[in-house]
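Q: Sequence and predicted structure are below.
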Amino acid sequence: MSDSKRVPILAANWKMHKTSQEAMAFFDAFLPLVDGCSGREVVVAPSFVALEKAVERCSATVVQVAAQNMYFKEQGAYTGEISPMMLQAAGVKWVILGHSERRHIFGEGDELIGDKVKSAVDHAFSLFLCIGETLEERDSGKIEEVLSRQLEKGLEKISASDYERIAIAYEPVWAIGTGRTATLDQISEAHGFVRKLISGLAGSTVAEQIRILYGGSVKPANVKEIMGLADVDGALVGGASLEPESFAKIVKFEEN
Ligand code: PGA
């Protein structure tokens, strides 16, 4: 973390885990553990069916609630999709877009993700735009090309003033859910590159202010050193966010 004024964000991405009841049990245990925790933002992204209850449960606490995805249209014949209006009505303030599982398992392309980003800012959400290279792309020297394309396409429909709603999550695909965290050097290098790209897209002031999170096998044992890196302003956490004690340690940068 640099000495800038960027407030760190610790975000839990629960993916397809936890029923609504299980989500409530998590909050019963988790909220007292992070009560009064300051100097950081804490965001939890449960499944769609737990969102309304989660918003209700977390109101007047330090925890903000995110959706894991969103379609860009307001309504219509889009079976199985969730609109910005639905998320607004549920009281959700954040949305995760472009997660690598959406890109690689469900075939979401850069164009669609760009439309979702535009729709999210137009509907006053804050959002995490996830980007990251596969192992094959890294090994073939394409990391910069991939990150540039994902960022440019993801952000091409918004204006510079919209960037205050955006946090970037750099998540190398090969480090997600594998237990294989990127090295500190790899994280530093990628985050520095992302900040430079943002500067090219929206100017140096925006680049200095935007928060860039790392994601990929973050856990209590490594969060402190990762958060200690310049240009790392938070973490997007999957597996290690499912247990209240574990995610509370991550929120507090506690190793054990
Ligand atoms: P992980 O997932 O922490 O389980 O690696 C991170 C993510 O996919 O956001």
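A: Sure, I can see it. Because the structure is predicted, anything quoted here is derived from the model rather than measured.

Q: how far away is the nearest residue to Ala160 once chain neighbours are set aside from Ser148?
A: Excluding the flanking residues, the one nearest Ala160 by CB to CB, 6 or more residues apart in numbering is Ala202, at 4.7 Å. Where you see a C-beta, it was placed from the backbone N, CA and C, and this is true even at glycine. With the distance defined as CB to CB, to the nearest Å, Ala202 ends up 14 Å from Ser148.

Q: Between these two, tell me which one has more neighbours.
A: Using other CB atoms under 10 Å, the more surrounded residue of Ala202 and Ser148 is Ala202, with 20 against 17.

Q: Correct me if wrong: that one contacts Glu164.
A: No. Ala202 lies out of contact with Glu164 (CB atoms under 8 Å); the separation is 10.4 Å.

Q: Now whatever residue of the stretch 151-256 of the chain ends up closest to the ligand. Nearest residue, chain neighbours left out?
A: Residue nearest to the ligand within the stretch 151-256 of the chain (CB to the nearest ligand atom): Gly238, separated by 2.4 Å. Nearest residue to Gly238 in three dimensions, chain neighbours excluded: Asn13, at 5.1 Å (CB to CB, 6+ apart).

Q: the residue most distant from the middle of this structure, which is it?
A: Ala77 (28.1 Å; CA atoms, centre = their mean).

Q: which SS state does it fall under?
A: Here Ala77 is recorded as coil under DSSP: H, G, I helix; E, B strand; the rest coil.

Q: how close does it get to Ala90?
A: Taking CB to CB, one finds Ala77 at 21 Å from Ala90.

Q: Same question for Leu127.
A: In terms of CB to CB, Leu127 sits 16 Å off from Ala90.

Q: Let's check: the centremost residue of this structure is which one?
A: Centre-nearest of the chain using CA atoms, centre = their mean is Phe128, 4.1 Å out.

Q: Leu127 and Ala90: which has the busier surroundings?
A: Comparing Leu127 with Ala90 by other CB under 10 Å, the one with more neighbours is Leu127, at 26 against 17.

Q: Who's the closest spatial neighbour of that one, skipping the chain neighbours?
A: Ala120 (4.6 Å).

Q: is it fair to say the residue nearest to the centre of the chain lies in a strand?
A: Yes. According to three-state DSSP, Phe128 belongs to a strand.

Q: What are the neighbouring residues in contact with it?
A: Phe128 sits next to 11, 66, 94-97, 167-169, 213, 236 when contact means CB atoms under 8 Å, 6 or more residues apart in numbering.

Q: how about a cut-off of 10 Å?
A: Counting by CB atoms under 10 Å, 6 or more residues apart in numbering, Phe128 makes contact with 9, 11, 13, 43, 45, 66, 68, 94-99, 120, 166-169, 171, 211, 213, 215, 234, 236.

Q: what sits opposite the residue nearest to Gly238 in the beta ladder?
A: Ala45 (DSSP bridges).

Q: which residues of this structure fall in helices?
A: Along the chain, counting by DSSP state H, helices occupy 20-34, 51-58, 84-89, 100-104, 110-122, 135-139, 143-155, 184-202, 204-209, 220-227, 244-251.
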